[in-house]
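1. Fold the following, please.
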Amino acid sequence: DLQLREGGRRVVKTGGLDRASFVLWSAAYDAGVSEWKVRIDKQTGVIFVGCMREPYTPQEGFARNLATPAWMIGSYGYVCRTGPSGQLSLTDHAKEQIGDKTVGALSFGTGSVITMRLNRDDGTLELGVDDKP
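-> Numbering: from 1, shown residues only. This next block holds a predicted model:
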């Protein structure tokens, strides 16, 4: 179960920890830049954080298997794009961009802050972990 707390600013997962869950929030904008920060207070499994296009096409299972066009980063450092034709790994490209090709260079966990910056005008999404681009 997912519970929204603190006026919808905090999500807590209780029970059913063996199953995937999705938390979606959005605002309808056609242009401009939006930025979100997601703090991981406690991690007990794999977490993916990212951005997806609407409409959302649900798919049973893991976030990286979404049929919806989406871009995301996983807590173990995996970066990918999803869509109707499957997933595409972007991890090597992301590591090149930050200049760090080591294992775990893009990983995050308890205490991490993930920043997402969506520029609708340029058609870009920037993901950062702990203030690193």
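2. What strand or helix carries A94?
-> helix 91-98 (DSSP states H and E).
3. first to last residue in stretch 71-87, what's the distance?
-> 10 Å (C-alpha to C-alpha, to the nearest Å).
4. Is Q43 in contact with T110, as I believe?
-> Yes. Q43 lies in contact with T110 (C-beta atoms under 8 Å); the separation is 4.8 Å. For glycine as for every other residue, the C-beta is placed from the backbone atoms N, C-alpha and C.
5. where does the chain have low pLDDT?
-> Applying pLDDT under 70 to the chain flags the ranges 1-4, 7-9, 13-28, 55, 57-61, 133.
6. The residue minimising distance to the centre of it pairs with what?
-> Nearest to the centroid of the C-alpha atoms of the chain, with distances taken as C-alpha atoms, centre = their mean, sits V49, at 1.6 Å. Note on V49: beta-bridge partners by DSSP bridges are I73.
7. gap between it and S85?
-> To S85, V49 is 22 Å away according to C-beta to C-beta, to the nearest Å.
8. next one: G50
-> From G50 across to S85, the span is 17 Å (C-beta to C-beta).
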